[in-house]
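Colleague: Sharing a sequence plus its predicted fold:
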Amino acid sequence: MKFGSLEVKIYIRIYFLFFYRKAVARTTMDDVTGAQLIAEALKVQNVEYMFGIVGVPVIEVAMAAQAAGIKYVGMRNEQAACYAASAIGYLTGRPGACLVVSGPGLIHALGGMANANVNCWPVVVIGGSSDRNQETTGAFQEFPQVEACRLYSKFSARPSSLDAIPAVIEKAVRTSIYGRPGACYVDISGDMVNDKVARDKVRVVSCCPPPPVGLADPSAITEALSALKASERPLIIIGKGAAYGRAEKAVRQLVEDTGIPFLPTPMGKGVLPDDHPNCVAASRSRALLQADVVVLLGARLNWILHFGLPPRFDPNVKVIQVDLCAEEMGNNVRPAAALLGDINAVVTQLLEGVHRDGWRYPSDTTWWSTLKEKMAANAKMTTALATQSTMPMNYYQVFHHISQMLPQDCIVVSEGANTMDIGRTMLHNYLPRHRLDAGTFGTMGVGLGFAIAAAVLESGHGAGRQRVVCVEGDSAFGFSGMEVETMCRYKLPVVIIVVNNNGIYSGVDPDTWKEMSKMGDLTTIAPPVTLLPEARYDEVMRAFGGRGFLVRTAEELRSALEASLSDWDTPSLINVLIDPASDRKQQEFPWLTRSNL
Ligand code: ADP
Ligand code: MG
């Protein structure tokens, strides 16, 4: 059946009239539907944002959510919706909700749940499922959803009846933020969505308080302090746990009152500003390799920190590990002191010990001069690459101009291989929780969902709202590219910069591609890393009413960025064509160093 625009309008009107009437009827009677119970329970738990894609059987849940005062953002793929909901959790400490339909809808969201769980970010996924009385019959989109989610979540359950919904939602929200944060799943069968129950039969469940705060064992604090004070080459590593735990004030005090150099992990960037005098990020390899005592604040010794092992760390390094997850203690390296508790509280405990005798790490040590020397040498190398004026541009040139123009308080979303790695060293963060990237799971495709979540949050901040800038590799952009429509629909003024090298890791130039096309079947000869040379991603944004710019030179880049940053109503995409052979500067260690212990 083909609809004309008039029919569509009439259809939408009838549809809303029908649901509006139903909603009014519902509220005047003392009955509530499953959809209303879910929405109201989420609202009671201070869940303010829902991202999802509606369809049978959850459309009424989204409408009830809006009626309950929850902001609903309709996305184009459940994966991106789940990324967005989890970013809300990381940025606010309260989970976002992700609403998906049965079967394939839920399965698409699993990628987002896995990403949230691996990053320790809270999110609550609500999935519609087939009717209970059709279980095992081959129902529409039937799938064992509760079981499927177990591997990707901390908690996965289906309320046994309508009156159990508020308690199960409370448990999902609470579990997502208590202990180590993570993903939780609540299944709602299709028949429960519109089923009704008398309101007075439903147990009232109040809002769960913020997570209880744990303090470290005082004897472990004493051990930590004596290791720290005996250290010759101390280093504080600030992870995204410190960002999530909103520990910026205490961490700054620890750094400034002890005078110890610090190194942020990728999303630990901004807990203290990157230009802080104690930040030794530009000497990362050296700092990791030679530190004799490391204070690990909310970061895991996983691949991002090279497992805490040689060849990247000293084999005798003493780790003072601060984490709220007991099972994390001793992963890969046995800590000299295991400080189990909330970072904010534990750092405050450490500070008490530091202040008691006024201990401070001296600023005139060989350790400081070694680090400073290395930082200066690295800065020189980067500046040389950044100030080249070759055409097409390389990564360093592009990031040099971007970093000069971005407002200091902007939220930087970043993904891609080289784009993310080089961007991380050149795009500075000055505020906590202002960087979102591919994270612990190395997930590509998160960028647009994260940017949408950040922009939706910012849109609630009125005149004080901050810019969201999404710096993407061309390959990374492709995973969730259709979400530019979502940005245009909700008028979210995200600035997307696609650093386009025509491929994954690297690509080929248009002439080579043309030659290659003449040589035979591209499926047999085109290098698997290649993407269409000079693809017009900017036109994709234009197609939905956003602003698109194709740029090749530094001047074009600067004027496109200026135009984009001055427009607070329209999303824009700047497609920066760079040298497809551009690469990272020489590294001391190969990427993803394997440990040799
Ligand atoms: P990064 O990617 O920055 O290295 P990770 O995600 O690997 O960070 O590690 C973050 C760690 O922080 C996790 O082990 C998590 O359990 C911990 N964490 C999260 N919030 C807190 C908090 N408030 N207090 C203490 N530890 C926390
Ligand atoms: Mg690329």
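Modeller: Yep, it's here. Ligands and ions are numbered 1, 2, ... in the order given.

Colleague: Next, the buried residues of stretch 405-412.
Modeller: L406, C410, I411, V412 (16 or more other C-beta atoms under 10 Å). In this view, the C-beta of every residue, glycine as well, is placed from N, C-alpha and C.

Colleague: Check those and tell me the two furthest apart.
Modeller: Greatest spatial distance among those (C-beta to C-beta): L406 and I411, at 10.0 Å.

Colleague: what is in contact with these two at once?
Modeller: R467, V469 (C-beta atoms under 8 Å, 6 or more residues apart in numbering).

Colleague: among the buried residues of stretch 405-412, which are in helices?
Modeller: Of the buried residues of stretch 405-412, none are assigned to helices by DSSP state H.

Colleague: Which of those residues sits closest to ligand 1?
Modeller: V412 (15.2 Å; C-beta to the nearest ligand atom).

Colleague: Distance of the closest one relative to G270?
Modeller: 9 Å (C-beta to C-beta, to the nearest Å).

Colleague: okay, and the common contacts of those two?
Modeller: Shared contacts of V412 and G270 (C-beta under 8 Å, 6+ apart): N429, H434, R435.

Colleague: where's the first one relative to D409, distance?
Modeller: N429 sits 10 Å away from D409 when distances are taken as C-beta to C-beta.

Colleague: swap in L573?
Modeller: Counting by C-beta to C-beta, the gap from L573 to D409 is 22 Å.

Colleague: now do V295
Modeller: Distance of V295 to D409, given as C-beta to C-beta: 28 Å.

Colleague: What of D579?
Modeller: 31 Å.

Colleague: Buried residues in the helix or strand that contains D511, which are they?
Modeller: Under the criterion of DSSP states H and E, D511 resides in helix 510-519. The neighbour-count check on helix 510-519 (16+ other C-beta under 10 Å) flags W513 as buried.

Colleague: outside of it, which residues touch it?
Modeller: Contacts for helix 510-519 (C-beta under 8 Å, 6+ apart): N502, V508, L522, I525, A526, T530, L532, P533, E534.

Colleague: Mind doing that once more with 6 Å?
Modeller: I525, P533, E534 (C-beta atoms under 6 Å, 6 or more residues apart in numbering).

Colleague: Could you do stretch 157-174 as well?
Modeller: 34, 37-38, 41, 45, 124, 146, 155, 184, 186-187, 195, 197, 201-202, 205, 208.

Colleague: Off-centre distance for that stretch?
Modeller: 27 Å (C-alpha atoms, centre = their mean, to the nearest Å).

Colleague: residues of it that come out buried?
Modeller: 157-159, 162-166, 168-174.

Colleague: Check stretch 144-152 too.
Modeller: Here stretch 144-152 shows Q145, V146, A148, C149, Y152 as buried, counting by 16+ other C-beta under 10 Å.

Colleague: The chain against ligand 2: which residues are in contact?
Modeller: Contact residues, the chain versus ligand 2 (C-beta under 5 Å from the ion): G473, D474, S475, N501.

Colleague: what do you get if the cut-off is 6 Å, keeping everything else the same?
Modeller: For the chain, the residues in contact with ligand 2 (C-beta under 6 Å from the ion) are G473, D474, S475, N501, G503, I504.

Colleague: Surely the third one and I504 touch.
Modeller: Yes: S475 lies in contact with I504 (C-beta atoms under 6 Å); the separation is 4.4 Å.

Colleague: between the two, which one's more packed in?
Modeller: Counted by other C-beta atoms under 10 Å, S475 and I504 do not tie: S475 has more neighbours, with 23 against 19.

Colleague: what helix or strand is that one on?
Modeller: Going by DSSP H and E, S475 is in helix 474-479.

Colleague: try A338
Modeller: strand 337-340.

Colleague: So whatever helix or strand comes next after that strand, near ligand 1 or not?
Modeller: Using DSSP H and E, the helix or strand that directly follows strand 337-340 along the chain is helix 343-357. Yes: using C-beta under 6 Å from any ligand atom, helix 343-357 comes into contact with ligand 1 via I343.

Colleague: Check stretch 327-336 too.
Modeller: Yes: contact of stretch 327-336 with ligand 1 (C-beta under 6 Å from any ligand atom) involves E328.

Colleague: Would you mark the buried spots in that stretch?
Modeller: Judged by neighbour count using 16+ other C-beta under 10 Å, the buried positions of stretch 327-336 are E328, M329, N331, N332, V333, P335, A336.

Colleague: quick one on the thing from earlier: from the buried residues of stretch 405-412, pick the one nearest S389.
Modeller: Checking those against S389 with C-beta to C-beta, the nearest one is L406 at 21.2 Å.

Colleague: Find the nearest non-adjacent residue to that closest one, please.
Modeller: If the residues on either side of it in the chain are set aside, L406 comes closest to V469, at 6.0 Å by C-beta to C-beta, 6 or more residues apart in numbering.

Colleague: Could I get the contacting residues of that neighbour?
Modeller: For V469, counting by C-beta under 6 Å, 6+ apart, the contacting residues are C410, V412, V495.

Colleague: give me that answer again for 10 Å
Modeller: 402, 405-407, 410-414, 427, 451, 454, 494-497, 561, 564-565, 574 (C-beta atoms under 10 Å, 6 or more residues apart in numbering).

Colleague: Over to L532?
Modeller: Here L532 is in contact with D474, N502, G503, G507, P510, W513 (criterion: C-beta under 10 Å, 6+ apart).

Colleague: Can you give me the distance of it to S572?
Modeller: 21 Å.

Colleague: same deal with A336?
Modeller: 50 Å.

Colleague: got it, and S285?
Modeller: Counting by C-beta to C-beta, the gap from S285 to S572 is 36 Å.
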